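> What would the 3D arrangement of this be:
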Amino acid sequence: MQRRVLLSSLLGALLHAGLPVSVSGHGVDYAQGLAAPERLRFWVDDDKDDGKDGDEEATLPFQFAGLNTFAKLPYADCFTRDGAEDVRYDIAILGAPHDTTVTARPGARYGPSGIRTASQRKFYGYSVFTGRNPLDDWATVVDCGDAPMPWLDNRAALKTLDLAHRLVSGRPAAHPDRSKVPRIVTLGGDHTTTLSALRSTYRRWGQVSVIHFDSHIDTWDPAVLGGGISHYAGLNHGTFLHIAHEENLILNSSIHAGIRAPVNRRNEDMRNDRRCGFDTITAPDVDKLGIQAVIQKIRHRVRDTKVYISVDIDVLDPAFAPATGTPEPGGWSTRELLAILGGLEGLNVVGGDVVEVSPVYDTVGETTTFAAADVAHSLIELMVAKPVP
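Next up is the predicted model:
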């Protein structure tokens, strides 16, 4: 049974006008502690040509009002330890507003809010490619908001994000017959935030193969990219995959896709990259091999392992995604990236993220945040297409 909800002054005005009102959205029971439905359904009197009034049902998409959640999904309070049984979901959006472990331009702390704003039109409609709407399928999908990450201490920030991931993934799933553990799509935030996601994923799923879309390898030895200054400086958005390997979080069946940025050391960096378990698809490979061959190489690499997909938006060419901290010319187009992601359907995707979105550098057309919203939506679709027991 749906719960009738009073939504601030808008609904108050409708009620004052004498219009019957009900709220619905995403097939979610809002009595279970969820909020922010995306549709407003009400009945209005229509003046007809014959002069008689008739009741007609009208549906307004809640596109530009209400909480700024991803795709106007219901908001869920996922961080409290109380009432864990009351709020259930299968897939959760989690924001990670952090950018103080970057080596170039900051600004990714505003990425989660920018991606959410760009996603407002994602809540309705069915894909012309798959025939599905992953937000209106078997899975209960919610937005948990942002992890409250402090911005003055990177260690405290990442510990907070570690805890947020544990709390969000630690709740019982809404459909345990499909997937017993809720899966998380993280909105970054700089790429260091993926380390917290991998730690949480390891606790719930064990080691995973990482499909890493990026222009940079991000497996640099902290003594190299951190300059050997301190352990604190060595933890950054270019070393997190090295650290994930050292913590035994990832399998040796991982793969980079879209690599084109230079490395610091002629041979040692790529040697260390292979030691960390990564094969590499370069950005020009999409032209040399073709999209289908790239897809097959990724699928062959990870096979039937559990998979974490991490998308640094700088995998795209700056023409398509200028709003990022370390842009590198010569990248993929948005269409190429989305086609490759779509070709990964059927993999055992247990987590994912889209990171390094810095809206302050975007165009007036917001091309980067729109691309990032599509990437996040694609990750949700992969999770809905393949439940992982």
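> List the buried residues of stretch 345-359.
By 16 or more other Cβ atoms under 10 Å, the buried positions in stretch 345-359 come out as 345, 347-359. C-beta here means a position set from N, CA and C on the backbone, and glycine is covered the same way.
> how close does the nearest residue to D314 once chain neighbours are set aside get to I211?
Leaving aside its chain neighbours, D314 sits nearest to T324 (4.4 Å; criterion: Cβ to Cβ, 6 or more residues apart in numbering). Shown here: T324 relative to I211, a distance of 19 Å by Cβ to Cβ, to the nearest Å.
> Ok, E336 next?
E336 is 15 Å from I211, by Cβ to Cβ.
> What residues of stretch 338-345 count as buried?
Buried residues in stretch 338-345, counted by 16+ other Cβ under 10 Å: 338-345.
> again but with stretch 262-278, I slipped
263, 269-270, 272-273, 276-278.
> any residues touching it, and which ones?
210, 212, 217, 219-221, 224-225, 241-242, 245, 250-256, 280 (Cβ atoms under 8 Å, 6 or more residues apart in numbering).
> Just the ones of those in strands?
210, 212, 254-256, 280 (DSSP state E).
> Quick one: classify the residue nearest to D314 as helix, strand or coil.
coil (DSSP: H, G, I helix; E, B strand; the rest coil).
> Please apply the same query to H165.
Under three-state DSSP, H165 comes out as helix.
> so what's it up against?
Contacts of H165 (Cβ under 8 Å, 6+ apart): 94, 147, 184, 196-197, 199-200.
> again with I250
Going by Cβ under 8 Å, 6+ apart, I250 touches 198, 207-210, 241, 244, 276-277, 308.
> measure it to T80 for me?
Relative to T80, and taking Cβ to Cβ, I250 is found at 30 Å.
> what do you get for D362?
34 Å.
> Who has more neighbours out of the two?
In this view D362 and T80 are compared by other Cβ atoms under 10 Å, and D362 has more residues nearby, 21 against 11.
> Now do the contacts for N133.
124-127.
> And the pLDDT for L11?
pLDDT for L11: 35.
> related to what we said a few turns ago, so which of the contacts of H165 belong to strands?
94, 184.
> out of the contacts of H165, who's nearest G331?
Closest to G331 out of those is A197 (23.1 Å), distances taken as Cβ to Cβ.
> could you pull out the strands for the stretch 51-200 of the chain?
Ranges of strands in the stretch 51-200 of the chain, per DSSP state E, counting those that start in this stretch, are 53-61, 75-76, 91-96, 141-146, 183-188.
> all strands for the stretch 201-350 of the chain, in order.
Using DSSP E, counting those that start in this stretch, strands in the stretch 201-350 of the chain cover 209-213, 254-259, 278-282, 306-312, 348-355.
> so the first one versus strand 306-312, what angle?
The one in question is strand 209-213. Strand 209-213 runs at 20 degrees relative to strand 306-312, counting by axes from the mean of the first three to the mean of the last three Cα atoms, to 10 degrees.
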